[in-house]
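In: I'd like to go over a predicted model; first the sequence, then the structure.
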Amino acid sequence: VAFLLLDIGNPAVKAIPIGTRVLCGLLQSLSVRAAGFFVVSLAAVTPALRVQYIVMMYIAIFPIAILIRSTNFYEE
């Protein structure tokens, strides 16, 4: 949803047909956190969407980082 809302008026996104645009938004939301695939180049998206991608990447790794910090296993 944010892919569509935060890029309203962006010519790179407007060039994609509406049905494909929705599927591209779904792909972006699923793959940006894990694989790093992009439908539209990061240079072409708005700064607000780039910030959201950074937040999504941070949230994806946050539980793992907390788990690593809270373990009591130390190698010597």
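Out: Sure thing, it's come through.
In: tell me what the longest helix seen in the chain is packed against?
Out: In the chain, assigned by DSSP state H, the helix with the most residues is helix 47-70. Using 3 or more Cβ pairs under 8 Å, 6 or more residues apart in numbering; DSSP states H and E, the elements in contact with helix 47-70 are helix 2-5. C-beta here means a position set from N, CA and C on the backbone, and glycine is covered the same way.
In: 10 Å instead?
Out: helix 2-5, helix 18-31 (3 or more Cβ pairs under 10 Å, 6 or more residues apart in numbering; DSSP states H and E).
In: buried stuff in the shortest one?
Out: For helix 2-5, a neighbour-count test (16 or more other Cβ atoms under 10 Å) marks Phe3 as buried.
In: pull the distance from the helix or strand following that helix to the chain's centre.
Out: With elements assigned by DSSP states H and E, the helix or strand that comes after helix 2-5 is helix 11-14. Relative to its chain's centre, helix 11-14 lies at 18 Å (Cα atoms, centre = their mean, to the nearest Å).
In: also stretch 37-52?
Out: Worked out by Cα atoms, centre = their mean, stretch 37-52 lies 8 Å from the chain centre.
In: over to stretch 11-31?
Out: That offset, for stretch 11-31, works out to 13 Å (Cα atoms, centre = their mean).
In: for stretch 18-37, same thing?
Out: Worked out by Cα atoms, centre = their mean, stretch 18-37 lies 8 Å from the chain centre.
In: burial of the closest residue to Met56 other than its chain neighbours, as a residue count?
Out: Leaving aside its chain neighbours, Met56 sits nearest to Arg33 (5.1 Å; criterion: Cβ to Cβ, 6 or more residues apart in numbering). Residues lying near Arg33 (other Cβ atoms under 10 Å) number 15.
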